[in-house]
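# fold the stuff below for me.
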Amino acid sequence: MNVLVKTLAAALLLGGSAMAIAANDGQARVSELLNSDPQYRETWTKVVKKEERLPEWVMNLSGTSEQMNAVQEDGDKYLVGPLCEAQQTCLNNRLIVAFSFDKKDAYAMWVQVPAGLPADKSPTRHADYRFLGKPNPGMQNLLREQLKKDPNWY
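Below is the predicted model:
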């Protein structure tokens, strides 16, 4: 009977941690990640360490952000979401960030559109894209697809 109790306790613990992950799924915001877990900060620091000319808000993942979503790429799960330095400049300057569920990998796509672009000009055609974290083509595609979910992006 002692083995049964231990097995049941282990199953409850595992199930509880899986439920905690599921309950937290999609509730995180990019702007809160680095302060929520040292592993996120360590991983992001490795991503930006060798990059040149990144603004402070990109280096620190600070600014305004929406809820992140769980997305799958090539069998791996990622927490993905947008970040902007400020809400009013989001169309012109944003970051799409993806962290692996194990927090060991992070990637981002920095999207810049010239300020003052006329409303009849497509931001897609005038944007500059810079990838951080050396994402493979599949991850680059995932980041681009996340950007396309913005109704103001055409």
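# now the strands for the protein?
Assigned strands in the chain, in chain order: 64-65, 69-73, 76-84, 93-100, 106-112, 128-132 (criterion: DSSP state E).
# dump those to a markdown table, plus distance to Glu56, mean pLDDT and mean neighbour count.
No exception for glycine: its C-beta is placed from N, CA and C like everyone else's. As requested, those are exported to a markdown table (distance: least, CB to CB, whole Å; pLDDT from 0 to 100; neighbours: other CB atoms under 10 Å):
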| stretch | distance to Glu56 | mean pLDDT | mean neighbour count |
| --- | --- | --- | --- |
| strand 64-65 | 14 | 94 | 20 |
| strand 69-73 | 26 | 94 | 15 |
| strand 76-84 | 13 | 96 | 21 |
| strand 93-100 | 12 | 97 | 23 |
| strand 106-112 | 13 | 97 | 22 |
| strand 128-132 | 15 | 96 | 14 |
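# TSV for these, including distance to Gln140?
As requested, those are exported to TSV (distance: least, CB to CB, whole Å):
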stretch	distance to Gln140
strand 64-65	21
strand 69-73	10
strand 76-84	13
strand 93-100	10
strand 106-112	7
strand 128-132	6
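# do you know which of the ones you listed lies nearest Asn152?
Ranking those by proximity to Asn152 (CB to CB) places strand 93-100 first, at 10.7 Å.
# tell me the strands beside that closest one, with direction?
Counting by DSSP bridges, the strands paired with strand 93-100 are strand 76-84 (antiparallel), strand 106-112 (antiparallel).
# what does that strand contact?
30, 33, 40, 43, 58, 61, 68, 71, 73, 76-85, 105-113, 135, 139, 142-143, 146-147 (CB atoms under 8 Å, 6 or more residues apart in numbering).
# ok, now with 7 Å
By CB atoms under 7 Å, 6 or more residues apart in numbering, the residues outside strand 93-100 that reach it are 30, 33, 40, 43, 58, 61, 76, 78-85, 106-112, 139, 142-143, 146-147.
# and stretch 27-42, by the same measure?
44, 60-68, 79, 81-83, 97, 99, 103.
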